[in-house]
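Asks: What would the 3D arrangement of this be:
(chains A, B and C, ligands or ions: 2)
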Amino acid sequence: MLIGVSILIFIIARIIPGDPARMALGPTATQEMVEQYRDKLHLNDPIHVQYWFFIKGITQGDLGESVYTKRNVTTDVSTYFPATLELIIFAALIMVCVGVPLGILAGRYKDKSIDNISRLISLLGVVTPSFVWAVFLMIIFAFYLDILPVAGRLSQDTVAPDKITGLIIIDSIIRGQFDVTIDALKHIILPALALSLSALGQASRLTRSNITEVYDKQYIEMARAYGYNEFKIATKYALKPAMIPTLTILGLDFAAMLGNAFLVEFVFAWPGIAKYGVQAILYKDLNAITATTMIIATFFVITNLIVDLVVAYLNPKIRLSGK
Amino acid sequence: MTLLSIRNLEVQFKHYEGVTKALKKISLDIKEGEKVALVGESGSGKSVTARMILGLLSNSNIKKNGEIFFENIDLLKESSSQIKQIRGNEISMIFQDPVSSLNPYFTVKKQMLQALENHTKDYDKNTIEKYFVNLLKDVKIEDPERVLNSYAFQLSGGMAQRVMISMALINNPKLILADEPTTALDVTVQKNVLSIMKDVISQKKMSMLLISHNLGVVREFADKIYVIYQGRILEEGSTEKIFNSPGHIYTQTLLQAIPKINSSKLPSLDSENLDYLSQPKFTH
Amino acid sequence: MKFSGGKMRIFKINLLSLLVTSLFSLSLMAGGTLRLDEVAIGEADPAKATDFADGIIMENVYDALVTEPQGGGPVVGKLAKDWEVSNDGTTITFHLHEGVKFHSGNDFTADDVVYSYERLMGLKLGWSYLFDGWVKGIKKIDSHKVQFDLNEPYAPFMSSLVRFYIVDSATLKANETDGDMGQAYLSANSAGTGAYSITAHDPNVETRMAKHNKYFLGIAEMAPNEVILKYNLDAPTVRTLIANDEHDISSNWLPTDVKAAIADSGDKLAKVVSAGGWYFKINTTRAPLDDVNCRKALAYALDYDSLVGTFQVTDDIAAGQKARGPIPQGMIGYSEDVPLVEYNLDKARDYLSKCKYSGGDLDVTINWIAEVPFEESWALILQQGAMTIGYNATVETLPWAVFSENVTKPETTPNISIVAVQAQTPDPDGLIYNMYHSAAAGTWQSAEWVQDDKIDAMLNAGRTTIDAQKRVEIYEDFQQAIVDMQPDLFISDLVTVYAMRDEIKAPTLENSAEYGFSTMAQNFSFRLMEVPN
Ligand SMILES: Nc1ncnc2c1ncn2[C@@H]1O[C@H](COP(=O)(O)OP(=O)(O)OP(=O)(O)O)[C@@H](O)[C@H]1O
Ligand SMILES: [Mg+2]
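Replies: Ligands and ions are numbered 1, 2, ... in the order given. Predicted coordinates for the structure are as follows:
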């Protein structure tokens, strides 16, 4: 499937108007320089030959040169992807840790004030694009209150820990540089919150409706009839069945954050892959477009796979039928 | 000795369209070791009665009046934590649709264990599985080990209902409520499950309230029958009396319908033409 | 909108920084960290750099043989002490400064100049085309003397040298991988003589630079110790960062209202007039605008006052000034004798009546670049005027990538398009040759498709005439010739406006008029700025 995506992206990237070599060399370059650069990028070859060069590069771990950064795309991707991964993991944590409990409460106390509050939050979350949240949060927490930083992953004087995973928070914990961890946490809160708010609303509404549905099931009444207490029902007996359909959507939401992150990355100067991908499109940076799209596609596939495995593990019906 | 005594129980549901009077001052008694049947057509208030006993309707928009004495305590006045102590412990319930009443995400064993743990924490972990196996054997399950490790959807309806019956027995309750325990099952399995249920309950000397819309079903089962119609008890008496000399025209209509029953649905009784309620309650 | 919260905090931090600076001034005098932003990407390799952001890096990290003088005029020496030009103008011999050190500590010599030239022409990127075809060869005469030979006399050569940056040949040769002439090395490091060296570089995120203490021209005492040049900051981010004293100088691309808001809350603006202009470029090959009278009609139908009004940032700072012709004020060839075109609908109608097209033939499309949203208002102002005198004008937008593709053929080049052109060297040739010479046709800069023999001849003469006074006359005549031909409507000279934190002192930006006009980023010389610690 990923091969299909790669071919499709490879072709689409070449249909976008504009000459990558011209974009790369800037408005002042002469036609002769542009032609020479096109040769270097194999752009004057037929498309199947270009694809062959591309595949050959991939097998050697070389994604080609980015005409935007003039570096190897492999370098760019390995620099920018961990930043976005860290951001969306955090956003997903917020989405799950806030959205799901909120949904459970709303589902349990249907049409009570907690349900209405959650409905309001969800509605605001869903109708407000994440970059608006980004600017809004920035104005409140950074401009007026000045309690949280607004740009980058670390303060200007904080040195990033030596790379292990590329996720600064994890790397700094592994290396025991906890002051760096704290600085990194301060930097990630606002962008992660901005990114999570719209997904959070969806997560809580989804949890609510699934919880409500499960609470109408006969086995919940049966549980009551056998003396389960409400807390146990909410946290165990009803939660598991309700979370399984929720999980599939949350997995998609998580993967989608990778694509949605770019405006948040712009606002908070977050050096991530989503922003890089958008710049790549503006610059018609063929190799970078293909690489970022492939990463997003791979990420979707992997996230889906993991979610499917988790769902199968949690849901005995699927688990047993698979055997 | 009377184990359960319902006195003038009234239940009303409030909703947007108005008020549904589900139960209109019904009274009902179950003695220790007695098997009582509550029979009536769909919507007559049978399930509401059972749910009221276990306090399962307390959260809805309902208005209730009257008393439900269980061993001299009024269940309607008990706190919810005390009711929880009674649920599944002193009174347990068997539901109509066994497959959807078992949680599809937990094994039978897990659910049985939980039903036990809700009421007692000190049990012997080594022998507990044996205890469950025996309970399952009591309801004539041949491969109890496999069933214990199964999920509801892996069991046939008859099998699941037998699991439900053994679950109801776990804490040795004094009273078992069975709300149409066989309606969801194949006609061929119905009889079998009923006789198994009758056997274990008689053997363990428990009391039972069997709810059914089918007089035929309860004939071989119950010691005593209550006939309910639109939230009112129209006739009560021993099984023998009811079948031999039904006192209320509604009961007579029900009896006439029996031979024709070969499906689980009650034939239409043309209740609009007959004003059953104009005749007073008949007590044998 | 007023941000009173911001003011309070600035006051608070002022007290604090006052305390800190007074403590520090006892022990050591050194500037703090300067933080500024630009649009990506920042190219750190002097053989590839061309953009403005690149220019900021080049200005500070590398030096050229010559540079634009303070106050305007012919170039002056920088790494070159002085030079001699042969009588025929084709041999130029440079005497180099001695004792100049690279960041590595290596001495700067003639070998570095030769290597830098060979590297630039070998990679054939960046500014290489300024020399391509003109320079026959370069040779070392002795350790501090180097000679360029030209194929023919080329007057803009000295100005072009402003973009020829000298790299440390020993360092690059030592760090060469697969014969890449040090490209990999220079993508993250520097090898120059400049006042700052690169300590970290990510072309899409930021470039960090540190003071080069052995800089041969010296560095101001309070000049920044460290500089962080960030890329692609969003407007609200810059606004917040400056208010929180976490950012010092914005880019010119910050929206006007954000600049105004920053100025309003206690910080300041700096205005720099730059060598270039904003143009409505008219495709002179397509009807009805292939008739000069039709073009002139448009020139008089344009409401210049409304247009210039859109440049106003605050009451006293405007990001534009009305242009007289293609050559901006301050550049060689600019002439006050060329009359300013004024908004005059009678004259416009008059010209239109002389045009060979009328009525239904007067369909024109005005294109603005999607990435530059403020151009839309200009397009609408022109549309308004054009409609008034009888044109049927439509306004459309094109993304840059599409636009730059469309201008490669006269049939697809828009009737009218709005672009800014910046001079590539301090010489007028570096601005107008690419716009008007037929040899340079088919780019976004030459969307007029002038292709006129008389114009070509003037531009050729400008290149080959060595006598400075004669060149001035040639370009003044040229200016008049273009205005007569009206292949453009001249909107404004290029003026850049930067928002700055109040505590920063940057005379090169704030008093830019004294430093001559800017062809690239020479106003961003960090060593002349002062940043409190
Ligand atoms: N939670 C509730 N809210 C509102 N009305 C209810 C509720 N539960 C039952 N009722 C109403 O009370 C009446 C009696 O319902 P009940 O479920 O006891 O009937 P039933 O005799 O069990 O019928 P069936 O044979 O169909 O199960 C019906 O009119 C029903 O609509
Ligand atoms: Mg019922």
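Asks: The stretch 101-250 of chain C: strands as residue ranges?
Replies: With strands called from DSSP state E, counting those that start in this stretch, the stretch 101-250 of chain C shows them at C:135-142, C:145-150, C:196-202, C:206-211, C:226-231.
Asks: Can you dump the C-alpha atoms of stretch A:123-143 in PDB for me?
Replies: Written as PDB, here are the backbone C-alpha positions of stretch A:123-143 (Å, rounded to 0.1, in the frame of the first residue of the first chain):
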ATOM      1  CA  LEU A 123     -18.300  22.600  20.600                       C
ATOM      2  CA  LEU A 124     -15.700  25.300  21.100                       C
ATOM      3  CA  GLY A 125     -13.000  22.700  20.500                       C
ATOM      4  CA  VAL A 126     -14.500  21.400  17.300                       C
ATOM      5  CA  VAL A 127     -15.500  24.700  15.700                       C
ATOM      6  CA  THR A 128     -12.300  26.600  16.600                       C
ATOM      7  CA  PRO A 129      -9.300  25.600  14.400                       C
ATOM      8  CA  SER A 130      -6.200  24.800  16.400                       C
ATOM      9  CA  PHE A 131      -4.200  27.800  15.200                       C
ATOM     10  CA  VAL A 132      -6.900  30.100  16.600                       C
ATOM     11  CA  TRP A 133      -6.500  28.200  19.900                       C
ATOM     12  CA  ALA A 134      -2.700  28.600  19.400                       C
ATOM     13  CA  VAL A 135      -3.000  32.400  19.100                       C
ATOM     14  CA  PHE A 136      -5.600  32.600  21.800                       C
ATOM     15  CA  LEU A 137      -3.500  30.600  24.300                       C
ATOM     16  CA  MET A 138      -0.400  32.600  23.400                       C
ATOM     17  CA  ILE A 139      -2.100  35.900  24.100                       C
ATOM     18  CA  ILE A 140      -3.400  34.700  27.400                       C
ATOM     19  CA  PHE A 141      -0.500  32.700  28.800                       C
ATOM     20  CA  ALA A 142       2.400  34.300  27.200                       C
ATOM     21  CA  PHE A 143       1.400  37.900  26.300                       C
END
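Asks: How about C:Lys356, nearest residue that isn't a chain neighbour?
Replies: C:Asp291 (5.2 Å; CB to CB, 6 or more residues apart in numbering or on different chains). Bear in mind the C-beta positions are built from the backbone N, C-alpha and C, glycine included.
Asks: Which stretches in the stretch 51-200 of chain B count as helices?
Replies: Counting by DSSP state H, counting those that start in this stretch, the stretch 51-200 of chain B has helices at residues B:80-86, B:98-101, B:108-117, B:128-138, B:144-148, B:157-169, B:187-204.
Asks: Tell me which of those helices sits most buried.
Replies: Of all the helices of the stretch 51-200 of chain B, helix B:157-169 carries the top mean neighbour count, a mean of 25, counting by mean count of other CB atoms under 10 Å in any protein chain shown.
Asks: now that one against helix B:128-138, angle please.
Replies: For helix B:157-169 against helix B:128-138, the angle by axes from the mean of the first three to the mean of the last three CA atoms, to 10 degrees is 120 degrees.
Asks: so does the helix or strand hosting A:Leu105 get close to chain B?
Replies: Element membership of A:Leu105 [criterion: DSSP states H and E] is helix A:100-108. No. Helix A:100-108 lies out of reach of chain B by CB under 8 Å from any CB of the partner chain, never closer than 10.9 Å.
Asks: tell me the mean pLDDT for the following helix or strand past that helix?
Replies: Per DSSP H and E, the first helix or strand lying C-terminal to helix A:100-108 is helix A:113-127. Helix A:113-127 shows a mean pLDDT of 86.
Asks: Now do helix A:113-127: which elements does it pack against?
Replies: Other helices and strands packing on helix A:113-127, by 3 or more CB pairs under 8 Å, 6 or more residues apart in numbering or on different chains; DSSP states H and E, are helix A:100-108, helix A:178-215.
Asks: tell me which residues in that helix are buried?
Replies: For helix A:113-127, burial by neighbour count (16 or more other CB atoms under 10 Å in any protein chain shown) applies to A:115, A:118-119, A:121-122, A:125.
Asks: who touches the next helix or strand after it?
Replies: Sequence-wise, the next helix or strand downstream of helix A:113-127 (DSSP H and E) is helix A:130-137. For helix A:130-137, contacts defined as CB atoms under 8 Å, 6 or more residues apart in numbering or on different chains pick out A:128, A:190-191, A:193-195, A:197-198, A:260, A:263-264, A:266-268, C:236.
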